[in-house]
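**Student:** Prediction below, plus the sequence it came from.
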Amino acid sequence: MIKRLSKVQTIALGFFLIIVAGTILLMLPIASRDGHSTGFLNALFTATSSTCVTGLVVVDTYTNWTLFGQVVIIGLIQIGGLGFITIGMFFSVFLKRKIGLKERNLIQESVNTLQISGMVRLVKKIVCYSIIFEGIGALLLMVRFIPRFGWLKGIWYGIFHSISAFCNAGFDLMGQFEPYASLTMYYDDILINVVIMALIVIGGIGFIVWDDISKNKWHVKKYMLHTKIVLSMTAVLILGGALCFYLFERNNLLLGMDTQGQVLSSFFGSVTPRTAGFNTTDTGAYTEATRMLTVILMFIGGSPGSTAGGIKTTTMLVILLYVWSNLRNKKGLNIFGRRLDEDAIKKAGTVFFINLILATSCVTIMCALETVPLSDIMMEIFSAIGTVGISTGITRDITVVSKYILILLMYCGRIGSMSFALSFMEKKKSNPVQLPVERITIG
């Protein structure tokens, strides 16, 4: 039966089994600080949020989970961030096992790369670069954490937050000071802010981009079109998001901060909604404009083949180019001296509307179930489907049904909503006979 599964179905089943295993481990009494077994729903929610690198929590990570529980969570984050297939293939290569065509196809689907050649080399690069980036990030974070928490806890905090940031998860251990506070105590700390933001961006631009940059170095003209689009969109979203955050919050959360605090908070508020989940300012106190900005950034997310979620930067750009091209009555989508193929346009439109319809449908359902403001529910839903983790604080107080809705959205967001839908459909041969064409009025 397993051999008959498609690539998408194999990936979906794999993530499901990892979530199940994580749920069982987190339900063990050794995982909870009170020595009692955590309930099934809370364990399932946490395991799903960890594996899908989301960051939404129903219990505070530090105050509820023991060191064992924290290790399970960060392990699930690492597996979910890099992809269980990537990690599995790396160990197969390390053990010098032969990688067949089926395994290479799975890797290609998992990391969303454009070609099947060079898969083994790409897997090695993904794992090695991940270890390097997470290691450097951990060492830099230890500079702050060791003096404050001591050697053992400082080292662990550095490792935990580095992996969580690089994998765009957003889990933190700062609950020992104030539960659910995230990194608010470090809102004006240059080192913490820059390291966390750098890890988020590096993890979110995608493995394909890493590979391209490593091969062509600073020769930008040699970059693939994909790399140019990802880097351009990432820069625009970060700078544009930071400017909007400052304008929307300058008389609210940023009021009273010095220039350094305002600049760091603005950039952090722009970077983290693109699937990271950390926060250095009180998200529950956001203005309505900032909440809408955050929802948009969460919906877009990171880039294909990365640790990030969302519809992806490339999808958003293709949609914008398509609209702009139609407004100008031009054929084809041209950018950076290249024309995009029709398949890219069709896939972008499908991904965009599946995610939008799924999100808005769940917002409507939660509005019927909960008695909280619409903006709070929108933040929660788009945070789940974008695997972000930003919340206004309602996650732990919503109804059981709403929590299961968020679990499903996090799962769909990680494997891809379109992929999730395709996993239930059988591939059928297309019918060569087409129906007659008849025109209709649009607009």
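**Tutor:** Good, I have the coordinates. Quick caveat, the model's predicted, so the values are computed rather than measured. Numbers count the residues shown, from 1 in each chain.

**Student:** for the residue nearest to residue 395 when sequence neighbours are not counted, what are its contacts?
**Tutor:** Residue nearest to residue 395 in three dimensions, not counting chain neighbours: residue 56, with 5.2 Å by C-beta to C-beta, 6 or more residues apart in numbering. For the C-beta atoms, the positions are set from N, CA and C on the backbone; glycine is no exception. Contact partners of residue 56, counting by C-beta atoms under 8 Å, 6 or more residues apart in numbering, are 45, 49, 277, 380, 383-384, 389, 391, 395, 406, 410.

**Student:** tell me which of these is nearest to residue 144?
**Tutor:** Closest approach between these and residue 144, by C-beta to C-beta: residue 277, at 19.7 Å.

**Student:** any weak-confidence spans in the stretch 51-200 of the chain?
**Tutor:** In the predicted model of the stretch 51-200 of the chain, residues 84-85, 88, 90-96, 99-118 satisfy pLDDT under 70.

**Student:** any chance you could map the strands in it?
**Tutor:** In the stretch 51-200 of the chain, no strands are found when defined by DSSP state E, counting those that start in this stretch.

**Student:** all helices in it, in order from the N-terminus.
**Tutor:** All helices of the stretch 51-200 of the chain, identified by DSSP state H, counting those that start in this stretch, fall at 61-64, 67-82, 84-94, 101-111, 119-149, 151-166, 190-205.

**Student:** Out of those helices, which is closest to residue 25?
**Tutor:** Of all the helices of the stretch 51-200 of the chain, helix 67-82 comes closest under C-beta to C-beta, at 4.8 Å.

**Student:** Would you mind listing the outside residues contacting the closest one?
**Tutor:** Taking C-beta under 8 Å, 6+ apart as the rule, helix 67-82 contacts 15, 18, 22, 25-26, 28, 30-32, 46-47, 50-53, 61-62, 65, 87, 126-127, 130, 156, 159-160, 163-164, 166-169, 171, 173, 203, 307, 414.

**Student:** Repeat the analysis, applying 7 Å as the threshold.
**Tutor:** 18, 22, 25-26, 30-32, 46-47, 50-53, 61, 65, 87, 126-127, 130, 160, 163-164, 167-169, 171, 173, 307, 414 (C-beta atoms under 7 Å, 6 or more residues apart in numbering).

**Student:** And those residues, which of them are buried?
**Tutor:** Among the contacts of helix 67-82, those classed as buried by neighbour count (16 or more other C-beta atoms under 10 Å) are 18, 22, 25-26, 31-32, 46-47, 50-53, 61, 65, 87, 126-127, 130, 160, 163-164, 167-169, 171, 173, 307, 414.

**Student:** Which residues are in contact with residue 61?
**Tutor:** Residues near residue 61 by C-beta under 7 Å, 6+ apart: 70, 73, 171-173, 175.

**Student:** Residue 238 now?
**Tutor:** Applying C-beta under 7 Å, 6+ apart, the residues near residue 238 are 270-271.

**Student:** Quick check: phi and psi at it.
**Tutor:** phi -70, psi -50 (degrees, to the nearest 10).

**Student:** any idea how far it lies from residue 196?
**Tutor:** 14 Å (C-beta to C-beta, to the nearest Å).

**Student:** got it, and residue 233?
**Tutor:** In terms of C-beta to C-beta, residue 233 sits 21 Å off from residue 196.

**Student:** Pick out whichever of those two has more residues nearby.
**Tutor:** Of the pair residue 233 and residue 196, residue 196 is the one with more neighbours under other C-beta atoms under 10 Å, namely 29 against 21.

**Student:** what about the stretch 201-350 of the chain, any weak spots by pLDDT?
**Tutor:** Ranges of the stretch 201-350 of the chain meeting pLDDT under 70: none found.

**Student:** just the helices in it please.
**Tutor:** Going by DSSP H, counting those that start in this stretch, the stretch 201-350 of the chain shows helices at 207-216, 225-249, 259-271, 288-300, 313-327, 342-369.

**Student:** re earlier: kindly indicate which of the contacts of residue 56 lies nearest residue 294.
**Tutor:** For the contacts of residue 56, the nearest to residue 294 is residue 383 (8.5 Å; C-beta to C-beta).

**Student:** Apart from its chain neighbours, what residue comes closest to that closest one?
**Tutor:** residue 390 (5.0 Å).

**Student:** Can you give me every residue that contacts the closest residue in space to residue 275 that isn't next to it in sequence?
**Tutor:** Leaving aside its sequence neighbours, residue 275 sits nearest to residue 308 (C-beta to C-beta, 6+ apart; 4.0 Å). By C-beta under 7 Å, 6+ apart, residue 308 lies in contact with 168, 203-204, 274-275, 301-302.

**Student:** Just the buried residues of these.
**Tutor:** 168, 203-204, 274-275, 301-302.

**Student:** could I get the residues you listed as JSON lines with distance to residue 316?
**Tutor:** Compiled in JSON lines, the buried ones among the contacts of residue 308 are given as follows (distance: C-beta to C-beta, whole Å):
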{"residue": "168", "distance to residue 316": "17"}
{"residue": "203", "distance to residue 316": "19"}
{"residue": "204", "distance to residue 316": "14"}
{"residue": "274", "distance to residue 316": "11"}
{"residue": "275", "distance to residue 316": "13"}
{"residue": "301", "distance to residue 316": "9"}
{"residue": "302", "distance to residue 316": "11"}
